[in-house]
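Student: for reference, the sequence and a predicted model appear below.
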Amino acid sequence: MLIVTSTVRILAFAWKNFTRNAWIGLATVLVLVLSLLSVNVVLGVNAVSQSALKMLEDKIDISVYFKPDTSPVVLETARSYMVSLPQTQNVELLSAEQALVDFKERHKNDPKILAALGELDQNPLGSSLIIKAKQTSDYPFLIEALQNPQFSSSIESKTYDDNAAAIMRVQSIGQSVRYFGLILIAIFTIFSIIIVYNSIRIAIYTQREEMGIMRLVGASNAFVRLPLILSGIFQAIISLAIATGLVTLIIALLDPKLKTLFDGGDSGLLSFFSANAWQLLGIQAAAIIFLVALASWAAAGKYLKK
Amino acid sequence: MNGRFDQTSMIVLKHVSKVYPPDVHGLRDISLHIKPGEFVSIVGASGAGKTTLAKLLIAEERPSRGTLEIGGWDITRIKSRDIPLLRRQIGVVFQDFKLLQKKTVWENVAFALEVSGETRRRIKEVVPHVLKIVGLEQKAYRFPQQLSGGEQQRVVIARALVHRPKILLADEPTGNLDTMNTREIIDVLKKINSFGSTVVLVTHNREVVNALKQRVITLSEGRVISDQAEGKYLLPS
């Protein structure tokens, strides 16, 4: 009976604390919302930049142009050898005929080029291989693999040399974005913890008189502490709801605009948040509630020493 | 809750000293024995050690040396979790009232029972009873700022009585009050003492001490310099 009475009363005290100190509570809620938003913004920026990098990486490939007289056997040898490598994601063999069709299609509005092409008796284009690596860092290895004596002498040219610098730059930007994103998340998390802790300390400081009186009239430490922790948790839950609503709204407004920048493809924003929604919500809820409870517990402790 | 208390000796201090770092002496080797039902005034000039003694009695401070027993319970090294139990045995009244301004008289008094986990039924029984003792049953729904200083102090006394304490410790309860209100408060304290509670009054009010004609313990520089059964205020004004 005593436990039930005490539990109900602790909840009632917590609710009273929460409602009576609404303005100070509002400040705490705002700080919590800003902290959650900042972490989500960093996560969102990271997701979009990853998507942008992936899009760029997807556009990278190696085009290997063979001499026009290369036999189909050599072409097939080259294709199957490159396919067999674990670093290869995809190899497309483009025949000389197909290359000619593609060339004509590309230059259909340029009558001079088409006329020049018509002057030739033979197809001047050779077959080509378009090779995609699983990872950007695999391209140098694949280029090396093209030195295979079984077919290297039939290669006329390759586009890797043109793309090498771009590949290296994208690789370096990708790594920087990932590291920078992680560092930003860590910094924002630390800032959030410090701000939230101080905001709760201020909220509890305003109640120090009541805490002192509670102690004076024989309230146990738990009875003094728990309502403060619980009202902090109420604030955390409200903050989480507001932040989730705002993040959803921002994604709904921003994602269609970002899609146009990604040629109608996935910007990474919506897909990242929808694929990880429950996980993100769970982690943020656990983190913010734990943080608020810990901060309230520690801040209240200062007034419970005597 | 009252199991730790016995009725043969209410407050016993044996060679108690309190030193605040680095070497400020609050109390020096004090030994006292206050019996159940006594009305004891502790007097002394500022810095004599009165408030230090009061803080030791409610375990707000721990003695540096010596032992301190309340109702047979050695609280010299009382554990933090036991302090609430002790404070429910000792009603405390301070000069600055310590009332919650946003709560009514009833709520302020009920608060002491609520935080101790008492049932609503018990609260409804006890609060009117203690308000009647201090003569505030008609002002139960007023807020502290709607009361005089004396009435506010009576609310504090009512709050201190809700646990039926064996000891009522009043630290300068009349410090902020005029003569009329002072007399009212002392009358309430005497009434409580007549019910059997031990009353420890910490004061420097000469008139109050002399009018009481009860035991007076005089402190000076942390030492007991006088302990008279029917004493008077000895210190110069």
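Tutor: Looks like it came in fine. These numbers come from a predicted model, not from an experiment.

Student: contacts for stretch B:221-237?
Tutor: B:17-18, B:25-32, B:41, B:43-45, B:47-49, B:52, B:204, B:206, B:209-210, B:213-220 (CB atoms under 8 Å, 6 or more residues apart in numbering or on different chains). Using the backbone N, CA and C atoms, a C-beta is placed for each residue, glycine as well.

Student: no no, stretch A:6-15
Tutor: Contacts of stretch A:6-15 (CB under 8 Å, 6+ apart): A:Phe223, A:Leu226, A:Pro227, A:Leu228, A:Ile229, A:Leu230, A:Ser231, A:Phe234, B:Glu114, B:Val115, B:Gly117.

Student: surely the fourth one and A:Thr206 touch.
Tutor: Read it as A:Leu228. No: contact criterion CB atoms under 8 Å: A:Leu228 and A:Thr206 do not qualify, at 11.1 Å.

Student: low-confidence ranges in chain B?
Tutor: B:1-8, B:235-237 (pLDDT under 70).

Student: which positions in it make contact with chain A?
Tutor: B:58, B:60-61, B:80-81, B:83-85, B:87-88, B:92, B:98-100, B:102, B:111-112, B:114-120, B:159-160, B:162-163 (CB under 8 Å from any CB of the partner chain).

Student: hmm, which of the residues you listed are the buried ones?
Tutor: B:58, B:60-61, B:83-85, B:87-88, B:92, B:98-100, B:111-112, B:114-118, B:159-160, B:162-163 (16 or more other CB atoms under 10 Å in any protein chain shown).

Student: select the longest helix from the chain.
Tutor: No chain in the question, so chain A it is. Identified as the longest helix of chain A according to DSSP state H is helix A:160-205.

Student: wrong one, I was asking about chain B
Tutor: Chain B, longest helix under DSSP H: helix B:179-194.

Student: quick check, B:Thr174 in a strand?
Tutor: No: B:Thr174 is assigned coil when assessed by DSSP: H, G, I helix; E, B strand; the rest coil, not a strand.

Student: cross the buried ones among the residues of chain B next to chain A against strands and list the overlap.
Tutor: B:Val92 (DSSP state E).

Student: which residues in chain A form strands?
Tutor: Going by DSSP E, chain A shows strands at A:62-66, A:88-94, A:128-133, A:155-158.

Student: repeat for chain B
Tutor: Using DSSP E, strands in chain B cover B:11-20, B:24-34, B:39-44, B:65-70, B:73-74, B:90-94, B:167-171, B:198-203, B:215-220, B:223-228.

Student: for A:Thr70, find the nearest of the ones you listed.
Tutor: strand B:11-20 (96.5 Å; CB to CB).

Student: contact partners for B:Ala54?
Tutor: Here B:Ala54 is in contact with B:Ile42, B:Leu169, B:Asp171, B:Val200, B:Val202 (CB under 8 Å, 6+ apart).

Student: quick revisit: let's have the strands of chain A in JSON lines, adding mean pLDDT, distance to chain B and mean neighbour count.
Tutor: Below are the strands of chain A laid out as JSON lines (pLDDT from 0 to 100; distance: least, CB to the nearest CB, whole Å; neighbours: other CB atoms under 10 Å in any protein chain shown):
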{"stretch": "strand A:62-66", "mean pLDDT": "88", "distance to chain B": "72", "mean neighbour count": "22"}
{"stretch": "strand A:88-94", "mean pLDDT": "90", "distance to chain B": "65", "mean neighbour count": "17"}
{"stretch": "strand A:128-133", "mean pLDDT": "89", "distance to chain B": "65", "mean neighbour count": "22"}
{"stretch": "strand A:155-158", "mean pLDDT": "86", "distance to chain B": "77", "mean neighbour count": "16"}
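
Student: which one of the contacts of B:Ala54 is nearest to A:Val39?
Tutor: For those, the nearest to A:Val39 is B:Asp171 (50.0 Å; CB to CB).

Student: if we can go back for a sec, compare A:Leu228 and A:Thr206 (neighbour count), which wins?
Tutor: A:Leu228 (25 against 11; other CB atoms under 10 Å in any protein chain shown).

Student: by mean pLDDT, which helix or strand of chain A comes out lowest?
Tutor: helix A:160-205 (a mean of 74; mean pLDDT, DSSP states H and E).

Student: most neighbours, which of the contacts of B:Ala54?
Tutor: Neighbour tally across the contacts of B:Ala54 (other CB under 10 Å): the maximum, 28 neighbours, falls on B:Ile42.

Student: in the sheet, who's paired with it?
Tutor: Counting by DSSP bridges, B:Ile42 is bridged to B:Val202, B:Ile217.

Student: just to check, it is in contact with B:Leu201?
Tutor: Yes: using CB under 8 Å, B:Ile42 makes contact with B:Leu201 at a distance of 7.0 Å.

Student: on that earlier part again, check the contacts of stretch A:6-15 and tell me the two furthest apart.
Tutor: A:Phe234 and B:Gly117 (22.0 Å).

Student: enumerate the residues of the stretch 101-250 of chain A near chain B.
Tutor: So the stretch 101-250 of chain A meets chain B at A:209-210, A:212-221, A:223-224 (CB under 8 Å from any CB).

Student: which members of those are the farthest-apart pair?
Tutor: The most widely separated members of those are A:Glu209 and A:Ser220, with 18.5 Å between them, by CB to CB.

Student: the two: which is more packed in?
Tutor: A:Ser220 (21 against 14).

Student: find the nearest non-adjacent residue to the more buried one, please.
Tutor: B:Pro84 (4.6 Å; CB to CB, 6 or more residues apart in numbering or on different chains).

Student: list the residues that contact the one you found.
Tutor: A:Arg215, A:Gly218, A:Ala219, A:Ser220, A:Asn221, A:Phe223, B:Ser116.

Student: with distance to A:Tyr139 as extra columns, can I get the strands of chain B in JSON lines?
Tutor: Below are the strands of chain B laid out as JSON lines (distance: least, CB to CB, whole Å):
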{"stretch": "strand B:11-20", "distance to A:Tyr139": "74"}
{"stretch": "strand B:24-34", "distance to A:Tyr139": "77"}
{"stretch": "strand B:39-44", "distance to A:Tyr139": "89"}
{"stretch": "strand B:65-70", "distance to A:Tyr139": "80"}
{"stretch": "strand B:73-74", "distance to A:Tyr139": "80"}
{"stretch": "strand B:90-94", "distance to A:Tyr139": "79"}
{"stretch": "strand B:167-171", "distance to A:Tyr139": "82"}
{"stretch": "strand B:198-203", "distance to A:Tyr139": "86"}
{"stretch": "strand B:215-220", "distance to A:Tyr139": "89"}
{"stretch": "strand B:223-228", "distance to A:Tyr139": "90"}
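
Student: the longest helix of chain A relative to strand A:62-66, how many degrees between them?
Tutor: Counting by axes from the mean of the first three to the mean of the last three CA atoms, to 10 degrees, helix A:160-205 lies at 170 degrees to strand A:62-66.

Student: now helix A:160-205 and strand A:128-133, what's the angle there?
Tutor: 20 degrees.

Student: what sits closest to the residue of the stretch 51-200 of chain A found nearest chain B if chain neighbours are left out?
Tutor: In the stretch 51-200 of chain A, the residue found nearest to chain B is A:Ile200; the distance is 20.9 Å by CB to the nearest CB. Closest residue to A:Ile200 apart from its sequence neighbours, by CB to CB, 6+ apart: A:Ala295 at 4.3 Å.

Student: count of residues packed around the one you found?
Tutor: A:Ala295: 24 neighbours (other CB under 10 Å).

Student: that one and A:Ile195 touch, don't they?
Tutor: No: A:Ala295 lies out of contact with A:Ile195 (CB under 8 Å); the separation is 10.2 Å.

Student: I'd say B:Leu169 and B:Val200 touch.
Tutor: Yes: the pair B:Leu169 / B:Val200 is scored as a contact, 4.8 Å apart, by CB under 8 Å.

Student: need the overlap of contacts for those two.
Tutor: Counting by CB under 8 Å, 6+ apart, the residues touching both B:Leu169 and B:Val200 are B:Ala54, B:Leu57.

Student: now A:Ser296, nearest residue through space, not along the chain?
Tutor: A:Gly232 is the one closest to A:Ser296 (CB to CB, 6+ apart), at 4.0 Å.
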